[in-house]
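1. predicted structure and sequence below. I'll ask about it afterward.
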Amino acid sequence: MKIHDISEKKLNAIIETFSDYVENYFDEANRPEDTPVIVDTHFDEFVDWAYDDFLLDDEDRVFLKDPDNMKIRSHIKREVTQHFQGMLKAM
């Protein structure tokens, strides 16, 4: 069985792009505690969008959508959530 690995550079690009993607939904976050729900709700949608726009290849898409890869999914979501919660606190 082949193990898929995402490089740190690609992981950072995914986090940055997902942050930009979530910004479209940022107005829904009236409180910092809303942010994790928005990030979680839109993660799979983002992965499909990034694949359709050729930002992710097929292996990346399958890897990121696989529930067995919760560690990497959680890491990405946590980074994006922290970014937006920091922005909300600064407002």
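-> Here it is on my side, so go on.

2. for Ile15, give me phi and psi.
-> When read as degrees, to the nearest 10, the backbone of Ile15 gives phi -60, psi -50.

3. quick check: closest non-adjacent residue to it.
-> Once flanking residues are discounted, Ile15 sits nearest to Glu79: 4.8 Å by Cβ to Cβ, 6 or more residues apart in numbering. C-beta coordinates here come from the backbone N, C-alpha and C atoms, glycine included.

4. how near is that neighbour to Trp49?
-> Distance of Glu79 to Trp49, computed by Cβ to Cβ, to the nearest Å: 18 Å.

5. same deal with Gln82?
-> Here Gln82 is placed at a distance of 22 Å from Trp49 (Cβ to Cβ).

6. same question for Ala90.
-> Taking Cβ to Cβ as the measure, Ala90 and Trp49 are separated by 27 Å.

7. which of these two has more neighbours?
-> Set Ala90 next to Trp49 and count neighbours by other Cβ atoms under 10 Å: Trp49 wins out with 15 against 6.

8. my guess is that one meets Tyr21, correct?
-> Yes: when contacts are counted by Cβ atoms under 8 Å, Trp49 is listed as touching Tyr21 (6.8 Å).
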